[in-house]
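Chemist: Let me see the structure of the following:
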Amino acid sequence: MRMARATSVFIGALLLAGCAGMSEADCRKADWYALGYNDARARITPQARILGRQCEGYGVKIDQARYEQGWREGSDKFLERMP
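Modeler: Numbering: from 1, shown residues only. Below is the predicted model of the structure:
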């Protein structure tokens, strides 16, 4: 039982790590507003810092203001749907 749980946790961590990764092309063509909006709608905490560090490695500066605007607006939409 412990082994199955440990395996599940490990696989989950790998999947989450893979979701946050961005390639150089992703960083250069990103719609930062849409990324923030979609993260909020998926109930993911803001990822601007993580994405910023990843993209800095490619010499790309993210538009953090647009990401945060999208995240706020996506979060507001989520709250409107709650009963």
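Chemist: Could you list the single helix or strand in this structure with the lowest mean pLDDT?
Modeler: Least confident helix or strand of the chain, by mean pLDDT, DSSP states H and E, is helix 2-20 with a mean of 46.
Chemist: Just list what the helix or strand just after that helix packs against, helices and strands only.
Modeler: Proceeding N to C from helix 2-20, the next assigned helix or strand is helix 24-29, under DSSP states H and E. If you count contacts as 3 or more Cβ pairs under 8 Å, 6 or more residues apart in numbering; DSSP states H and E, helix 24-29 packs onto helix 48-56. Glycine gets a C-beta too; all of them are placed from N, C-alpha and C.
Chemist: Other residues contacting the helix it packs on?
Modeler: 20-22, 27, 30, 35-36, 61-62, 64, 67-68, 71 (Cβ atoms under 8 Å, 6 or more residues apart in numbering).
Chemist: What's the end-to-end length of stretch 26-34?
Modeler: 13 Å (Cα to Cα, to the nearest Å).
Chemist: Name the residues of it that are buried.
Modeler: If you call a residue buried by 16 or more other Cβ atoms under 10 Å, then stretch 26-34 has these buried ones: 27, 30, 32-33.
Chemist: Kindly report the same for stretch 62-79.
Modeler: Here stretch 62-79 shows 62-63, 66-68, 70-71, 74-75 as buried, counting by 16+ other Cβ under 10 Å.
Chemist: So for those residues, which is the shakiest by pLDDT?
Modeler: Within the set of those, pLDDT is lowest for residue 75 (90).
Chemist: Quick check: residue 69 touching residue 33?
Modeler: Yes. Contact status for residue 69 versus residue 33: in contact at 6.1 Å, counting by Cβ atoms under 8 Å.
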